[in-house]
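*Asks:* What follows is a predicted protein model with its sequence.
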Amino acid sequence: MEPLNSDEIARYQRHILLPEIGGAGQQKLKAARILVIGAGGLGAPVLQYLAAAGIGTLGIADDDRVSLSNLQRQVIHDTGTIGQLKTRSAADAIARLNPHIRTIRFEERFAADTAARQLSGFDLVVDGSDNFDTRYAAADAAEAAKKPLVSGAVGRFDGSLTVLKPYEAGSSGQPNPTYRDLFPAPPPEGLVPSCAEAGIVGALTGVIGTLMAMEAIKLVTGIGEPLVGRLLLYDALSARFDTIRYKRRGGTAP
């Protein structure tokens, strides 16, 4: 792995002081290549914290432009970037935050027909999209490519996240669950309103997004226990976290 230079050693000193990460872990972060799907409410804090953590290469997949109503929660953008492509606005913000980070922009929606091309060259995927079509496409593509996926979602005052590695077996020897073991089918059209229809408190996306970034850092460095086979639920109004365990249906081998 490429050594850290003096600027990087100073920048990441608080990481390097942690025995669980140290210099070797920081080098793993520098070598990591992570694709982030969506540069909106969830993608904004994910990108900011992964860039600050020293993830060497960040892919950004989004076909949208910054609008005024985004700024209540999509904190990687600002008033001066209204009208810009979100990929460009996010990449510029990352460059200001950490010049050591390389960004790769995909100015198109992540979908089944773009997945293989967008995933190529990345070793981990973080899905911060806002619709079930993209979530299923991301889960299927990551599973086929045998790449870990951190998947998160938010509602009006609640959010959830999990980690998917269905191509591996767990400590019990049973295959890890897939996204469809958690959500066998998307909800009927119109049942789950978008944030444009139902509203959302802005800080909620920061809570879930930073938790997603933390899971990605754990996966890259190999520390802790990722949320594989576990769905973490957050209720902002009651300030409550709950964890639900879920398993592979049928127990078929990966």
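*Replies:* Thanks, I have the structure now. No experiment lies behind these values; they were computed from the predicted model shown. Residues are numbered from 1 along each chain as shown.

*Asks:* If the residue nearest the centre of the chain is in a bridge, with which residues?
*Replies:* For the chain, the residue nearest the mean C-alpha position is V126 (2.7 Å; C-alpha atoms, centre = their mean). Beta-bridge partners of V126, counted by DSSP bridges, are V36, V150.

*Asks:* Just the pLDDT for it.
*Replies:* On the pLDDT scale, V126 is placed at 98.

*Asks:* Would you mind checking which helix or strand in this protein has the lowest mean pLDDT?
*Replies:* Of all helical and strand segments in the chain, the minimum by mean pLDDT, DSSP states H and E falls on helix 195-198, at a mean of 71.

*Asks:* Identify the residue nearest R245 in space, chain neighbours excluded?
*Replies:* Nearest non-adjacent residue to R245, counting by C-beta to C-beta, 6 or more residues apart in numbering: R230, 5.5 Å away. All C-beta atoms are positioned from the backbone trio N, CA, C, and that covers glycine.

*Asks:* ok, that neighbour touching D242?
*Replies:* No. R230 is beyond contact range of D242, at 10.4 Å (criterion: C-beta atoms under 8 Å).

*Asks:* Looking at these two, which is more packed in?
*Replies:* Set side by side, R230 and D242 show more neighbours around R230, with 15 against 10, by other C-beta atoms under 10 Å.

*Asks:* what's the more buried one in contact with, if anything?
*Replies:* Going by C-beta atoms under 8 Å, 6 or more residues apart in numbering, R230 touches T162, V163, T243, I244, R245, Y246.

*Asks:* Just the ones of the residues you listed in strands?
*Replies:* Among those, DSSP state E puts T162, V163, T243, I244, R245 in strands.

*Asks:* could you flag which of these are buried?
*Replies:* Among those, the ones that count as buried by 16 or more other C-beta atoms under 10 Å are T162, V163.

*Asks:* so L58, which of the three states?
*Replies:* strand (DSSP: H, G, I helix; E, B strand; the rest coil).
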